[in-house]
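> fold the stuff below for me.
(one chain, ligands or ions: 1)
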Amino acid sequence: MPATIRSLCDFLEDFAPTDLAEDWDNVGLLVGDPQRPVERLMTCLTVTPASAKEAIQKKADLIVTHHPLPFHAVKQLTTESTTGRILLDLIRANVAVYSPHTAFDSTFAGINQQLAEGLHLSEIHPLDFDPQSPSETGIGRCGLLPTNLSLADVASQLKGFLTIESVQAVGDPDKPIQKIAVGCGSAGHLLSLARCRGCDLFITGETTFHNCLEAEATGLSLLLVGHYHSERFGLEELARVLAKSFKTIEVWPSAAESSPLRRL
Ligand SMILES: [Zn+2]
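Numbering: from 1, shown residues only. Next up is the predicted model:
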């Protein structure tokens, strides 16, 4: 029996239950007919003009995108907006869209867990972990390095895992680090939680100048890897997970998307 959009939705609901998503989020099947078959599937971080074009050209039946599209309520669907143009093109080409977003951040095998494991942390827990009702799902992650490393050494390890050339840092490069918090994407709102957990370092994609100052003033080191790089690896892994579970489907991570930020 060929896989359908509904069977993919069921699998993704098990993998990253949508009730783990934040209240403000927009997750699940956002565009498409659940009864249509799926033979070709593309994962991506974001549906952009470039990744949408790739999905249409390569005849994807379904895009699984981390960031939702549409995200905000849509009152007009016209070619006058970027969102409208992309959605109209996808709908005309019969490409469905599913987004797990913050459910994928928080689920057991989600992006934050993968990042924590990529740094070889042990005793990994969500940042909102409650010993009274322990759960392996939740926001962010924190854990311990096997041995103390300097901030500069953690930065090197992180660059290796994410295959990036540089990160932005707050804090003394020689500072010894043992306990690390991670929050993929734009997770400056988790800084105080990381501090309460006794972490020496918080790793996220991006945050504000004032959060950087606050981290510096309170002795919490920061590594900022860029929003794109803090999450993109998770969509490459999700493509592998889906390919393994659905042998009849050709699955690939978008080759056309990239960070919009360049270093000149
Ligand atoms: Zn994000």
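
> helices of the stretch 151-264 of the chain, start to end?
For the stretch 151-264 of the chain, the helices defined by DSSP state H, counting those that start in this stretch cover 151-162, 191-196, 209-217, 227-245.

> want to throw those into JSON lines with mean pLDDT?
Below are those laid out as JSON lines (pLDDT from 0 to 100):
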{"stretch": "helix 151-162", "mean pLDDT": "97"}
{"stretch": "helix 191-196", "mean pLDDT": "95"}
{"stretch": "helix 209-217", "mean pLDDT": "97"}
{"stretch": "helix 227-245", "mean pLDDT": "97"}
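
> residue 37: which of the ones you listed is closest?
helix 227-245 (15.1 Å; C-beta to C-beta). Glycine gets a C-beta too; all of them are placed from N, C-alpha and C.

> and the closest one, what does it pack onto?
helix 5-15, strand 40-44, strand 62-65, helix 111-118, helix 151-162, strand 250-253 (3 or more C-beta pairs under 8 Å, 6 or more residues apart in numbering; DSSP states H and E).

> touching, residue 119 and residue 145? I think so.
Yes: Residue 119 is within contact range of residue 145, at 7.3 Å (criterion: C-beta atoms under 8 Å).

> any shared contact partners between the two?
Between them, residue 119 and residue 145 share these contacting residues under C-beta atoms under 8 Å, 6 or more residues apart in numbering: 154, 180.

> would you quantify the distance from the residue of the stretch 1-150 of the chain found nearest the ion to residue 234?
Nearest residue of the stretch 1-150 of the chain to the ion: residue 67, at 5.6 Å (C-beta to the ion). Distance of residue 67 to residue 234, computed by C-beta to C-beta, to the nearest Å: 12 Å.
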